[in-house]
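Asks: Predicted model follows, preceded by the sequence.
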Amino acid sequence: MSLGAIWALKWPFCVFTRMNGTDEFSRKLDEKVYNNGQIYVVAAGNEYDDFLDALISSPGTAKNAITVGAIYDSYYYYGSYGVDYEDCWLINPHHDDYEVDKIAYFSSRGPTGDGRMKPDIVAPGYGVISCSHLDNDGYVYKDGTSMATPHVSGLIATLLHHYPWLKGCPGDVKAWLLAKALAYQGDKNNVGNTYGFGKVDSYLTHWNVLGAEGWEHGFTHGSVSGLTWAYFDITVPSGADRLVVVLTWIEEPADPGAEHALRNNIDLYLDKGADQGECAGEWSSTKEYDNVEYIILDNPGADTYRVKICPTWLDPFRSQSFNVSYMIIRGDPTPTSTLTVEANKTAVNVSESFTVTATITPNSYVASGVYVNLSLPSGVEISSIKVTRKDAYIITYPWHQTYITLGDIPVGDSRSVTWTMSASTHGIKTIQCNAYSSNSGSYSKSIDVFVKDNTPPGGWKNFTPSDWTTDRNPDCTIEVKDTGTGLDVSTAYYKFSINSGSTWSRWYGASCTGTNGTTNYQTITASSVQFNHDSDPIDKCQIMFKISDMAGNTNESPAYIVK
């Protein structure tokens with residue numbers, strides 16, 4: 001559901017009121033979820049502003065909804081910085097701070113009016129490309145939690161296909177998604193009213209990786225009444241870095257105009273060693289008016305953990321179903337990643353295509369929101385980008401940009417991006433790759449590609465002697481330059497002919513002004529050339545020069561007549 005409403009007074013007041021989930025819209029949604037087992041995924045709204053408030057739109061305030069906020073999925077997007085809402089113009093104060101996985105500036109934030117945590121989760125919702133309804137061949141960029149919500153709906157659709165027993169079980173689906181969400185920057189303290197439980201991840205949602213650096217997921221459901229409580233045990237192995245336990249329940253809609261959306265209250269306790277009393281434990285989550293309770297432990301230690309589900313106010317003669325999902329993370333939630341950078345050629349000619357490939361490999365858990373960017377030297381241009389998807393399908397983007405988001409990368413896997421590029425100028429080109437992940441930090445690595453200069457020296461001019469000379473062994477000079485790697489002044493030579501060019505002498509060493517690498521005109525001098533006779537016919541005495549540049553390209557001058 002990509003729609004919503006907030007209470008507002010128009011300009012000049014722009015006053016907004018938090019909604020508590022007991023409005024008609026939210027209550028109707030709660031009723032559909034409760035009675036029909038339908039799963040409603042709802043946009044949180046785009047009403048956040050530094051100067052106003054963090055307002056969740058109805059029916060995103062509904063207690064039985066899965067409410068979705070929006071995060072950035074790319075550093076760069078050339079779109080609008082503002083949202084024209086009602087008569088208020090909300091300017092983005094953070095338009096230079098687009099970090100992958102960071103909450104979008106406009107994304108509404110909780111709590112609801114009755115104090116419940118919202119949104120539940122977040123997904124990419126900025127600069128999302130989709131088909132245009134105005135042009136059969138066109139595409140448009142869109143921002144908003146309405147762009148983030150379909151990501152989650154699509155993920156849930158694949159989840160129901162993968163695990164058909166989840167159909168008609170909105171409470172299980174909600175608990176499942178929340179327990180497996182990626183906390184922003186891997187920090188459990190970021191679970192709250194900005195990011196909810198974090199970003200959805202399709203691989204993490206679908207699969208268990210039971211290796212030493214992977215994760216393990218489990219769940220249960222049941223019911224309690226005002227006279228009963230329930231429990232189940234989790235065995236946490238040694239080396240676990242985090243334990244996440246999420247309790248949620250789906251209940252009937254609130255009465256119209258009630259102060260709180262919640263009718264019942266159930267608390268969550270976690271008892272390490274299963275050695276405490278009925279509703280007791282070292283850790284607890286006992287929010288009074290929220291139907292989502294959770295406990296997140298870092299470095300929990302190997303043991304049996306008893307999860308206790310205890311009602312605090314509930315009709316003693318009615319039962320309430322509950323859903324619990326847990327996640328054991330067997331690896332650092334802030335993993336270290338390895339960045340490798342390779343070129344398919346280390347030496348190329350000017351304008352010759354070559355590729356540079358960057359590969360990111362995490363050492364544990366999931367590297368979240370991996371973003372890669374190249375810093376290119378002058379003269380290097382990109383012609384295309386290729387990315388290999390998880391299913392091995394290669395996508396080619398005909399873009400010239402240096403950056404791309406690779407998404408989430410789980411442990412045991414890697415993801416690569418390959419740029420095809422060429423250089424219009426010669427020399428050593430240092431190409432630096434910068435990688436960033438919201439939970440595994442920043443990495444940089446560079447590679448050198450030598451671009452050869454394939455243009456030899458030239459521009460021969462100002463030959464002397466240009467007129468008649470009485471010296472049968474004259475000094476001969478010529479000017480030459482190389483605008484590429486510059487002249488190698490030690491490679492100047494000359495040869496001469498005394499029979500109008502029919503035969504030539506060997507090459508003799510000549511002197512050249514300047515220093516190696518000079519790109520300005522320099523003078524080559526052939527001293528006392530041994531013609532030893534008069535030029536009769538006039539073209540009888542001829543001379544040629546040659547020189548190389550620093551890249552090894554050699555060129556010979558035309559033949560000059562010495563009269």
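Replies: Right, received. Where do you want to start?
Asks: can you give me the helices for the chain?
Replies: Using DSSP state H, the helices assigned to the chain run over residues 24-36, 145-162, 170-180, 202-206.
Asks: contacting residues around the third one?
Replies: By CB atoms under 8 Å, 6 or more residues apart in numbering, the residues outside helix 170-180 that reach it are 33, 37-40, 64, 66, 120-121, 152, 155-156, 159-160, 166, 196-197, 200-201, 204-205, 217, 219, 221, 244-250, 292, 294, 321-327. The way it works is simple: take the backbone N, C-alpha and C, and place the C-beta from them, glycine included.
Asks: the inter-axis angle of it versus helix 145-162?
Replies: Orientation check (axes from the mean of the first three to the mean of the last three CA atoms, to 10 degrees): helix 170-180 against helix 145-162 gives 110 degrees.
Asks: The first one too?
Replies: With the same axes, to 10 degrees defining the directions, helix 24-36 sits at 0 degrees from helix 145-162.
Asks: Kindly format the C-alpha coordinates of helix 24-36 as CSV.
Replies: In CSV, the C-alpha atoms belonging to helix 24-36 read as follows (Å, rounded to 0.1, in the frame of the first residue of the first chain):
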residue,chain,number,x,y,z
GLU,A,24,-10.6,4.2,10.5
PHE,A,25,-8.0,3.5,7.9
SER,A,26,-5.6,1.8,10.3
ARG,A,27,-8.4,-0.1,12.0
LYS,A,28,-9.7,-1.4,8.7
LEU,A,29,-6.2,-2.7,7.8
ASP,A,30,-5.8,-4.4,11.2
GLU,A,31,-9.2,-6.1,10.7
LYS,A,32,-8.2,-7.5,7.3
VAL,A,33,-4.9,-8.9,8.6
TYR,A,34,-6.6,-10.4,11.7
ASN,A,35,-9.6,-11.9,10.0
ASN,A,36,-8.3,-12.9,6.6
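Asks: any weak-confidence spans in this structure?
Replies: Along the chain, the model assigns pLDDT under 70 to residues 4-17, 50-54, 75-97.
Asks: Break it down into its structural domains.
Replies: As assigned by automatic domain parsing, the chain contains the domains 7-329, 337-452, 458-561.
Asks: separation between the residue lying closest to Y508 once chain neighbours are set aside and E479?
Replies: Excluding the flanking residues, the one nearest Y508 by CB to CB, 6 or more residues apart in numbering is Y494, at 5.7 Å. Distance of Y494 to E479, computed by CB to CB, to the nearest Å: 14 Å.
Asks: what about the closest residue to I39 other than its chain neighbours, how many neighbours?
Replies: Distance criterion CB to CB, 6+ apart; nearest residue to I39, sequence neighbours excluded, is P170 at 4.6 Å. Using other CB atoms under 10 Å, the number of residues around P170 comes to 24.
Asks: And P170, how close does it get to A65?
Replies: Taking CB to CB, one finds P170 at 9 Å from A65.
Asks: Overlap in contacts, those two.
Replies: With CB under 8 Å, 6+ apart, P170 and A65 have common neighbours V33, Y40.
Asks: Report the buried residues of stretch 519-528.
Replies: For stretch 519-528, a neighbour-count test (16 or more other CB atoms under 10 Å) marks T519, Y521, Q522, T523, I524, T525, A526 as buried.
Asks: what sits opposite the nearest residue to the last one once chain neighbours are set aside in the beta ladder?
Replies: Counting by CB to CB, 6+ apart, A526 lies nearest to Y494, which is 3.9 Å off, once chain neighbours are set aside. According to DSSP bridges, the residues that bridge with Y494 are Y508, F545.
Asks: is it true that Y494 touches I524?
Replies: Yes - applying CB atoms under 8 Å, one finds Y494 in contact with I524, separated by 7.4 Å.
Asks: shared neighbours, those two?
Replies: Joint contacts of Y494 and I524 (CB under 8 Å, 6+ apart) are A510, F545.
Asks: one step back: I409: which of the buried residues of stretch 519-528 is nearest?
Replies: Among the buried residues of stretch 519-528, T519 lies closest to I409 (CB to CB), at 45.9 Å.
Asks: give the contact list for the closest one.
Replies: K481, D482, T483, G484, G486, L487 are the contacts of T519 under CB under 8 Å, 6+ apart.
Asks: rerun at 6 Å
Replies: T483, G486 (CB atoms under 6 Å, 6 or more residues apart in numbering).
Asks: Tell me who's in contact with the residue nearest to Y508.
Replies: For Y494, the contacting residues are Y508, A510, A526, I543, F545, by CB under 6 Å, 6+ apart.
Asks: next one: Y294
Replies: V246, S285.
Asks: so it bridges to which residues?
Replies: V246.
Asks: Tell me the spacing between it and G211.
Replies: In terms of CB to CB, Y294 sits 25 Å off from G211.
Asks: Just want the phi and psi numbers for the closest residue to G331 other than its chain neighbours.
Replies: In this structure, G331 finds its nearest non-sequential neighbour in S364, 2.8 Å apart by CB to CB, 6+ apart. Taking degrees, to the nearest 10, you get phi -160, psi 160 for the backbone angles of S364.
Asks: What are the boundaries of the strands in the stretch 301-450 of the chain?
Replies: 303-313, 319-329, 337-343, 347-349, 354-362, 366-375, 380-388, 394-397, 403-410, 415-423, 427-437, 441-452 (DSSP state E, counting those that start in this stretch).
Asks: and the residue nearest to G331, what does it touch?
Replies: Applying CB under 6 Å, 6+ apart, the residues contacting S364 are E213, G331, D332, P335, V411.
Asks: if we take these, which one ends up nearest to G552?
Replies: Of the contacts of S364, the one sitting nearest to G552 (CB to CB) turns out to be P335, at 46.8 Å.
Asks: Count the residues that sit near R389.
Replies: 10.
Asks: thinking again about what came up before, could you export the domains of the chain as CSV, including distance to M1?
Replies: Output for those, formatted as CSV (distance: least, CB to CB, whole Å):
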stretch, distance to M1
domain 7-329, 5
domain 337-452, 25
domain 458-561, 63
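Asks: Double-check G514 against Q522; I have them as touching.
Replies: Yes - with contact defined as CB atoms under 6 Å, G514 counts as touching Q522 (4.0 Å).
Asks: if we can go back for a sec, of the contacts of helix 170-180, buried ones?
Replies: 33, 39-40, 64, 66, 120-121, 152, 155-156, 159-160, 166, 196-197, 200-201, 204-205, 217, 219, 221, 244-250, 292, 294, 322-327.
Asks: Thanks a lot, catch you later.
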